[in-house]
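**Q** Just to be clear, the model below is a prediction. Sequence and coordinates:
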Amino acid sequence: MKLNITKNFIITFFVILAIYQTSELWFEGFSNHNFFYSFFNNQGNLNDDGMLYALDNIIINKGSDRFICIKNNIYKNEYKNIFDNAVKITMQNGGALSETEFDWNEILSSRSVVYRYNVQLDKNSIANMFGFDGELLGGTLENIDTIVIVPHIAANPENIVVGFGNRLSGKGCFYSVEKNQYIYTVYDAIGYVSSDKDIYYTSSVKNGLDIFQGNAFIPQWNGGKFNYYPVKAEDPFYDNGEFQKAKLERSTDVFFDNPFSKWTSVSDGVYTYSDENIVVKYYNNGIMEYYNYSTDKNTGGNDFYSKYKNAVSVIKRDSGINNEYYLSGYSLDNEKTVFYFDYKINDFSIKLSDNVKKNTGMNSVIEVTINGGRVAKYRRYARDFYLDTSEKMSVKKGFLKAVEEVFADIQNKNGGQKDSVENTDLVYIMNTDGEAFLSWVIKISGEEYIKEAL
């Protein structure tokens, strides 16, 4: 009898492993990984709702001057979890703090990982995201938009360094832990990341490009052009040219505790669904709005991290979202905090053109307003974005040409002195025809300039 029980247990265990392995194949974002290692390592996953969707991209440095930029599917693979745990382990077990300028030549001289956020986060939010005590993050640095992880296996003694930095000031706080086996785990994980991409990134500092403020990672490619698929936007509530009213109504059910109690009305092409506290509207320009008029008291803390988790929670309830999103910005107005989220696809961000912003009244595809610690308003541009594989487009214009054009525009406009470039990137810009093509987005003095990349 005991033998049968043991056999059943072993069979059950391997069935679970088989199911897990199958699911990993669906979500795999990297290559050449060890399954059994990932199974046990993933038990310490840090990616709760507060961790997800804040990160813009990860830069992987495998030891050369060509870096890998990962934007999509970064939360569904085991190596992101390894890098997250490296931050937590270093902070919980690390040595003394050193506060200094970010030396990108030193950081990028060997294998390393760079987390880049599109916003500046306070120290407590970072600590909460990675699961360590905020008091461990000392120093004078208040706002963080960059994290670096550097495993030194050739050092004496071996160590792993974690740095928290601010790209605008160029300063950072660094922590290290010595003789920890996790140093090799991180080092090996970096080596496993696939580099089979048509586009690569270079460092402005390592290439001596002094037109940039601090360090920027610049997309480049081999040859005279980079071929890519454009993006198209699709209205999910139309099927064969017919508006699907029933599908729209079903999509609003997730916002109500009891969908059967909601009221429905249509006026001037605006569909309204409501109950005593909630109102959801859908406009013919594709905007879906959610309002919460409940008089309930604060449903969460008033700190930034709590507000952000509330914002993410309402987005996750929206079953109509089929694209990956990330935190692209936020604004503060007394007790109100507005979080802005944009989509990304094919390892590039998607942003709305000025004309689409004007037509929709939105700066990003998703906007969440937190007031008094709870979600007061939620707005989304209800479109599904997908790659149009019927025809490839080409990027022919390099970043230097795009920067020169922006400098010329600034000079012609106000004759002012040229400021340093904060960042440059290739981004899908969605136009009013529902098509998006890659364009150069050049950021100077906090303002973004868009230049066609054709």
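**A** Great, that's in hand.
**Q** Contact partners for the residue nearest to residue 379 when sequence neighbours are not counted?
**A** Computed as C-beta to C-beta, 6 or more residues apart in numbering, the closest residue to residue 379 that is not its neighbour in sequence is residue 367, at 4.6 Å. The C-beta positions use only the backbone N, C-alpha and C, and glycine is treated the same way. With contact taken as C-beta atoms under 8 Å, 6 or more residues apart in numbering, residue 367 is in contact with 338-341, 377-380.
**Q** Please report phi then psi for residue 367.
**A** As for residue 367, its main-chain torsions (degrees, to the nearest 10) stand at phi -130, psi 130.
**Q** Residues in a beta bridge with it, which ones?
**A** When assigned by DSSP bridges, residue 367 has beta-bridge partners residue 340, residue 379.
**Q** Which pLDDT does the model give it?
**A** Looking at residue 367, its pLDDT is 98.
**Q** Helix or strand next in line after the helix or strand of the chain with the lowest mean pLDDT, which one?
**A** Every helix and strand in the chain was compared by mean pLDDT, DSSP states H and E; the lowest is helix 35-41, with a mean of 28. Next along the chain after helix 35-41, taking DSSP states H and E as the criterion, comes strand 55-61.
**Q** That following strand pairs with which strands?
**A** Assessed with DSSP bridges, strand 55-61 is paired to strand 68-70 (antiparallel), strand 112-122 (antiparallel).
**Q** Tell me how far the longest one lies from the chain's centre.
**A** It refers to strand 112-122. 10 Å (C-alpha atoms, centre = their mean, to the nearest Å).
**Q** now for the next helix-or-strand element following that strand, which elements pack on it?
**A** Proceeding N to C from strand 112-122, the next assigned helix or strand is helix 123-130, under DSSP H and E. Applying 3 or more C-beta pairs under 8 Å, 6 or more residues apart in numbering; DSSP states H and E, one finds that helix 123-130 makes contact with helix 78-93, strand 143-152, helix 304-317.
**Q** Kindly present those as JSON lines, with separate columns for distance to residue 258 and mean neighbour count.
**A** What follows is the helices and strands packed on helix 123-130, written out as JSON lines (distance: least, C-beta to C-beta, whole Å; neighbours: other C-beta atoms under 10 Å):
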{"stretch": "helix 78-93", "distance to residue 258": "38", "mean neighbour count": "22"}
{"stretch": "strand 143-152", "distance to residue 258": "42", "mean neighbour count": "22"}
{"stretch": "helix 304-317", "distance to residue 258": "15", "mean neighbour count": "20"}
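**Q** Please name the bridge partners of residue 218.
**A** Beta bridges link residue 218 to residue 202, judged by DSSP bridges.
**Q** Now do it against residue 444, distance only.
**A** Distance from residue 218 to residue 444, counting by C-beta to C-beta, to the nearest Å: 15 Å.
**Q** Among those two, which residue is more densely surrounded?
**A** Taking neighbours as other C-beta atoms under 10 Å, residue 218 and residue 444 compare with residue 218 leading, 24 against 20.
**Q** now the most centrally placed residue in the chain, nearest residue through space, not along the chain?
**A** The centre of the chain sits closest to residue 56, judged by C-alpha atoms, centre = their mean, with a distance of 3.0 Å. Spatial nearest neighbour of residue 56, chain neighbours left out: residue 118 (4.3 Å); criterion: C-beta to C-beta, 6+ apart.
**Q** related to what we said a few turns ago, from the contacts of residue 367, pick the one nearest residue 205.
**A** Residue 205 lies nearest to residue 340 out of the contacts of residue 367, by C-beta to C-beta, at 28.9 Å.
**Q** Can you name the residues that contact that closest one?
**A** Counting by C-beta under 8 Å, 6+ apart, residue 340 touches 327-331, 363-364, 366-367.
**Q** which stretches of the chain have low pLDDT?
**A** Across the chain, the ranges flagged by pLDDT under 70 are 1-51, 295-300, 416.
**Q** ok, now which ones touch the residue nearest to the centre of the chain?
**A** Applying C-beta under 8 Å, 6+ apart, we find residue 56 in contact with 71, 116-118, 326-328, 349.
**Q** okay, the residues you listed in TSV with neighbour count next?
**A** Converted to TSV, those look like this (neighbours: other C-beta atoms under 10 Å):
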residue	neighbour count
71	18
116	18
117	19
118	18
326	23
327	23
328	21
349	20
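**Q** Turn these into a markdown table, including distance to residue 317.
**A** Shown next, in a markdown table, are the contacts of residue 56 (distance: C-beta to C-beta, whole Å):
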| residue | distance to residue 317 |
| --- | --- |
| 71 | 24 |
| 116 | 28 |
| 117 | 24 |
| 118 | 23 |
| 326 | 18 |
| 327 | 17 |
| 328 | 20 |
| 349 | 24 |
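**Q** Between those residues, which sits nearest residue 233?
**A** For the contacts of residue 56, the residue nearest residue 233 by C-beta to C-beta is residue 349; the value is 14.7 Å.
**Q** which one is the closest one nearest to, not counting chain neighbours?
**A** Distances taken as C-beta to C-beta, 6+ apart place residue 427 nearest to residue 349, at 4.9 Å, with adjacent residues excluded.
**Q** what's the strand or helix carrying that neighbour packed up against?
**A** Per DSSP H and E, residue 427 falls inside strand 421-430. Applying 3+ C-beta pairs under 8 Å, 6+ apart, one finds that strand 421-430 contacts strand 217-221, strand 231-234, strand 348-352, helix 399-414, strand 435-444.
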